[in-house]
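Undergrad: Predicted model and sequence below, questions to follow.
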Amino acid sequence: MARHLRISWISGTRTFFFLPEPSGENSGLTLILKINYFVRHNRNAIAFFNTFKSQTPPATSPTTEFFQWCYQFITARGMFMDSPASTSAIGDWVDFMNSPSQSRDVNAEMSAYNGYVAGSPPGYGYKSFNQFFSRTFKDVNSSRPVSQPNDPMVVTAPGDVEVNFIITKLRNTTKIGVKGDNFNIAELLNQSIYSSRFIGGTAVSNVLMPYAYHNFHAPVAGRLIEAVDVPGFSFGIPDGTRWFGSGNTGSGDTDFSTFGSFHRLILIYDTGPYGLVAQIAVGLADINTICPTVGSDVEMVKAGSCTGSSCQWIAKGQRMGFFLYGGSLNILLFEPGIFNSADLLMGNRLGSMAAKH
């Protein structure tokens, strides 16, 4: 028992002070994979970590204290990632981002970002890892120009993302039991009154990798008719091995309804002739903080609280929020017949290739 507790303490200490690095044993996904295997290997484990009730004296009734302990752990770890003590790994990321292959891939060296001070380790101008992680561009219009900003028909990427799969003809599995493309829209959208509008429509999954620009922007122009922050669980990826193993970011057989359990920010736009478009920012990993844009007039909007021109107008490409350290994802939902595939014009970026080793 003593040895087990000692190993658990060492493992917990390492997990608490873990700082992601661009590659190797401490890469951004490696330890997350190990934690996922232990915490989220099956649904019983998910239930245990999130809903199990126990009673520790002098308590007089059972509570979900284990979840509270986990929550306190990741809250404290989030504070660590906000502290100067978390800056020691930033230098490795600066070198990685300034390397010729990576700077070409993201079309930006670190000098393009606010806050960066060359030659000033360990933080290079950033006071914490989270400040580095959520960095913004000095000139976002130059570094990430919005394609055809005045054409409401065109949908743009919500951030620096990998589109890892598109699912069409969505079904709400709370009503129709099907195999294959199962998707619980109502749960994902926190039982929004607009959920049924997306049945039969399309979902586009957009993953943000650890090195990515971790701000997200509106993919369309329209009236913001709902904006709600849903706390969700802090633990719970049952298919974490597929999602995080070997840098894999998921595939078309991932159960999309899983994301209905996570912390997420739900944004629903009314685009007029193109119907409703939902943008769901999802925090996937243990430190899954999602921050609606600070310093803007974007506020939480209760569904049905505004109609027509009384709802706030959002321009395509407008910054809507950012993630702090942890896995991150943007899911876009479209009504039936509106968006069935990704189409690219000749000469536009399709992706990038890795050199043979």
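TA: All right, it came through fine.
Undergrad: pLDDT weak spots in this protein?
TA: Flagging of the chain using pLDDT under 70 yields the residue ranges 1-12, 24-47, 49-50, 67, 173-183, 232-258, 285-288, 294-299, 327.
Undergrad: pull the longest helix from this protein.
TA: Ordering each helix of the chain by length in residues (DSSP state H) puts helix 65-81 first.
Undergrad: Now the element after it, going C-ward?
TA: Next helix or strand after helix 65-81 toward the C-terminus (DSSP states H and E): helix 90-98.
Undergrad: Please enumerate the helices of the protein.
TA: Along the chain, the stretches classed as helices by DSSP H are 2-16, 30-39, 43-51, 65-81, 90-98, 100-106, 129-133, 140-143, 185-188, 240-244.
Undergrad: and the longest helix of the chain, how far out from the chain's middle?
TA: 19 Å (C-alpha atoms, centre = their mean, to the nearest Å).
Undergrad: What of stretch 333-340?
TA: Relative to the chain's own centre, stretch 333-340 is displaced by 22 Å; criterion: C-alpha atoms, centre = their mean.
Undergrad: in it, what's buried?
TA: Buried residues in stretch 333-340, counted by 16 or more other C-beta atoms under 10 Å: 333-336, 338-339. The C-beta positions use only the backbone N, C-alpha and C, and glycine is treated the same way.
Undergrad: related to what we said a few turns ago, then the longest helix of the chain to PDB, C-alphas only?
TA: This file holds the C-alpha atoms of helix 65-81, laid out as PDB (Å, rounded to 0.1, in the frame of the first residue of the first chain):
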ATOM      1  CA  GLU A  65     -16.300  14.700  -3.300                       C
ATOM      2  CA  PHE A  66     -14.000  12.700  -5.600                       C
ATOM      3  CA  PHE A  67     -15.000  14.800  -8.500                       C
ATOM      4  CA  GLN A  68     -14.500  17.900  -6.400                       C
ATOM      5  CA  TRP A  69     -11.000  16.700  -5.500                       C
ATOM      6  CA  CYS A  70     -10.300  16.200  -9.200                       C
ATOM      7  CA  TYR A  71     -11.700  19.600 -10.000                       C
ATOM      8  CA  GLN A  72      -9.600  21.200  -7.300                       C
ATOM      9  CA  PHE A  73      -6.500  19.400  -8.700                       C
ATOM     10  CA  ILE A  74      -7.000  20.700 -12.200                       C
ATOM     11  CA  THR A  75      -8.000  24.200 -10.900                       C
ATOM     12  CA  ALA A  76      -4.800  24.400  -9.000                       C
ATOM     13  CA  ARG A  77      -2.900  23.100 -12.100                       C
ATOM     14  CA  GLY A  78      -4.600  25.800 -14.100                       C
ATOM     15  CA  MET A  79      -3.200  28.300 -11.600                       C
ATOM     16  CA  PHE A  80       0.200  26.800 -12.100                       C
ATOM     17  CA  MET A  81      -0.100  27.200 -15.800                       C
END
